[in-house]
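Q: predicted model and sequence below, questions to follow.
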2 protein chains.
Amino acid sequence: MKNILIIGCGLIGSSILRAINKKKIAKKIFVYEKSKKTILKIKKLELKCIITHDLKNIIPKSDLIIFCTPMSEYEKIIIKINKYLVSKTIITDVGSSREKISKLIKNKLKRGIHWTPGHPISGSEVSGPEFGDKNLFLNKWCILIKDKKSNKKHLTVLSKFWKKIGSKILIMDSKKHDMIFSITSHLPHLIAYNLIKTATDFEKSKKYNIIQFSAGGLRDFSRIAASNEVMWRDIFFNNQFNVIKGIDLFIKNLRSFKKDISSRNNKSLIKKLVETKKVREKIIKLKQDINKPDFGRN
Amino acid sequence: MKNILIIGCGLIGSSILRAINKKKIAKKIFVYEKSKKTILKIKKLELKCIITHDLKNIIPKSDLIIFCTPMSEYEKIIIKINKYLVSKTIITDVGSSREKISKLIKNKLKRGIHWTPGHPISGSEVSGPEFGDKNLFLNKWCILIKDKKSNKKHLTVLSKFWKKIGSKILIMDSKKHDMIFSITSHLPHLIAYNLIKTATDFEKSKKYNIIQFSAGGLRDFSRIAASNEVMWRDIFFNNQFNVIKGIDLFIKNLRSFKKDISSRNNKSLIKKLVETKKVREKIIKLKQDINKPDFGRN
């Protein structure tokens, strides 16, 4: 490719930037970033790219545009760039929920322009370009969305692009995507936030300093609950329906655990605990996590 | 000390054994272990200790006895060793909940014998002596329990013992202990088990293979949910009252999150997400976790 434009250059945007540079995929990489603080960081990090605000000139000559902002920014930016877009340009993003945002994109995007959504299953609890990593996508899934009106050529090019920077590709529709990731990603994040909220509420009510004992298990949740609040608000709002279904299922199951504990139902409790244990083995086997006790932390 | 007896030599027992050897705290370390498989492992690992079943001879000459079995084993063993116990022997354990088990110990232990409970805040999702580590307790909290009838001399000796193997000591009563750890340890474990249960239920109902996408957040919970089922059943049953209170508080908070998401209450949701974020910083500052994104995993 000649020119790639990255819109929003935080953790994910800057990781894509680094990966493109590493693999020499584009001649020029343009970065459009609204935060002055982030721009200063990119300059300080000496990331190889051209920071630009000249969308009028850059957009028409971009072969690929990648939205890496929180999803709540899409609308504003689409309205701003619509007039410069041309139909051959491949447009994609890295948003973590799809159905609702796809409707918004469809409604706001100029007719004849194609948007091919993507979702790399990679990230971290930290934000900002200083935490970007050229290997962030290595051997990780990248989900590409194929719906009725998808542009197959764009999908093929994008698939090659993600493979080049190390990802494994899976293509599915928005509905399936949002259902799966409501359980493997969105619900876990919400539960982690909720556990930390519960612990801090408890701490306030009891006036004990309990965080100092967080190594008993709580600390793991605190990592996930430190994730970017804007990004996660957007995800929860966008995948509202599935996340709420997940919450209801979670509460139903938690009530069943409560019943086992209240009634000291040994058989039922042990059955649940043994079954969940098997999932860890499966995850390790699928290389979805490091095969070291305690994540190799200590 | 001359002789230390470790009863139960899994992850924690064998870590204590290794730490005692490293620090040369005892002349002889005896190990009483009922599992033949575990005994074979200890021999293969060439851990420096004397494996024994001769409790009649070993108990009276032990300066310190440390119970490292699941709590549900205590009663049987206490009944077995009662007749050999002498009042000067220091008896302790590493159980993770205290109030209920202390009542059982008080009821079953021969009169005039002291039991000084302990709870090192260290562990892992893996079980067995092969995962033991001489540095497991280094810079970790060890809670020692002081109740009305505690033997102060024994408490002092135990305190020195844990300090020697690297722990930081905190003394509190059973009630406070069980309240704190219901939130920092027991509830997080239950929630992790419940999330994995919810994900597997979902997987079965939808017939999707979702575990392959667990890197989105789910995998972290799977580590905790892989913890020893017998140990955790014992903890949940023993700290029943506080764990159930924790569940109720958790569900109340989760309902509040659900309401925010359903009604797209931006202000309320962002406030919650921002507040939980601060906890991670506090945990890092208190050196309760590694200061690396994603636990330094990738």
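A: Noted; the coordinates are in hand. Quick caveat: nothing in here was measured; it's all calculated off a predicted structure. Numbering: from 1, shown residues only, chains lettered A, B, ... in the order given.

Q: what mean pLDDT does the longest helix seen in chain A have?
A: Across chain A, the helix with the greatest residue count (assigned by DSSP state H) is helix A:240-262. What helix A:240-262 shows for mean pLDDT is 98.

Q: hmm, it touching chain B?
A: Yes. Helix A:240-262 is in contact with chain B by CB under 8 Å from any CB of the partner chain, via A:240, A:243-244, A:246-247, A:249-251, A:253-255, A:257-258, A:261-262. The C-beta positions use only the backbone N, C-alpha and C, and glycine is treated the same way.

Q: residues near the nearest residue to A:Asn239 once chain neighbours are set aside, how many?
A: Of all residues not flanking A:Asn239 in the chain, A:Ser97 sits nearest, at 3.8 Å (CB to CB, 6 or more residues apart in numbering or on different chains). Number of residues near A:Ser97 (other CB atoms under 10 Å in any protein chain shown) recorded here: 26.

Q: phi and psi next, for A:Ser97.
A: Torsion angles at A:Ser97 (phi, psi; degrees, to the nearest 10) stand at phi -130, psi 150.

Q: what distance do you get for it to chain B?
A: 11 Å (CB to the nearest CB, to the nearest Å).

Q: enumerate every residue touching that residue.
A: A:Met71, A:His177, A:Asp178, A:Phe181, A:His186, A:Asp234, A:Ile235, A:Asn238, A:Asn239 (CB atoms under 8 Å, 6 or more residues apart in numbering or on different chains).

Q: of those, which belong to helices?
A: Using DSSP H, the contacts of A:Ser97 in helices are A:His177, A:Asp178, A:Phe181, A:Asp234, A:Ile235, A:Asn238.

Q: of all those, which comes closest to B:Ile77?
A: Closest approach to B:Ile77 among those (CB to CB): A:Phe181, at 47.8 Å.

Q: identify the residue spatially nearest to that closest one, adjacent ones excluded.
A: B:Gly216 (6.1 Å).

Q: do I have it right that the one you found meets A:Ile183?
A: No. Taking CB atoms under 8 Å as the definition, B:Gly216 is not a contact partner of A:Ile183, at 9.3 Å.

Q: more crowded one of the two?
A: Taking other CB under 10 Å, B:Gly216 and A:Ile183 do not tie; A:Ile183 has more neighbours (30 against 25).

Q: follow-up on the earlier one: can you add neighbour count and give the ones in helices among the contacts of A:Ser97 back as a markdown table?
A: Output for the ones in helices among the contacts of A:Ser97, formatted as a markdown table (neighbours: other CB atoms under 10 Å in any protein chain shown):
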| residue | neighbour count |
| --- | --- |
| A:His177 | 25 |
| A:Asp178 | 26 |
| A:Phe181 | 26 |
| A:Asp234 | 22 |
| A:Ile235 | 26 |
| A:Asn238 | 24 |
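
Q: out of those, the closest to A:Lys206 would be?
A: Comparing the ones in helices among the contacts of A:Ser97 against A:Lys206 with CB to CB picks out A:Ile235 as the nearest, at 32.1 Å.

Q: contacts only, for A:Ile284.
A: A:Asn291.

Q: tilt between the helix or strand hosting it and helix A:240-262?
A: Using DSSP states H and E, A:Ile284 sits in helix A:266-285. Interaxial angle of helix A:266-285 relative to helix A:240-262 (axes from the mean of the first three to the mean of the last three CA atoms, to 10 degrees): 130 degrees.

Q: got the CA coordinates for stretch A:89-100 in CSV?
A: The C-alpha coordinates for stretch A:89-100 follow below in CSV (Å, rounded to 0.1, in the frame of the first residue of the first chain):
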residue,chain,number,x,y,z
THR,A,89,-10.7,3.5,0.0
ILE,A,90,-10.8,0.7,2.5
ILE,A,91,-12.2,1.9,5.8
THR,A,92,-12.0,-0.3,8.9
ASP,A,93,-11.9,0.1,12.7
VAL,A,94,-11.0,-1.9,15.8
GLY,A,95,-14.3,-1.5,17.8
SER,A,96,-15.1,-4.2,20.3
SER,A,97,-18.9,-4.4,19.7
ARG,A,98,-20.5,-4.3,16.2
GLU,A,99,-24.3,-4.5,15.7
LYS,A,100,-25.3,-1.1,17.0
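
Q: next one: it to chain centre, how far?
A: On the basis of CA atoms, centre = their mean, to the nearest Å, stretch A:89-100 sits 11 Å off its chain's mean C-alpha point.

Q: how about A:Lys48, secondary structure?
A: The local conformation at A:Lys48, judged by DSSP: H, G, I helix; E, B strand; the rest coil, is coil.

Q: verify the stated contact: it with A:Lys28.
A: No. If you go by CB under 8 Å, A:Lys48 and A:Lys28 don't touch, sitting 9.7 Å apart.
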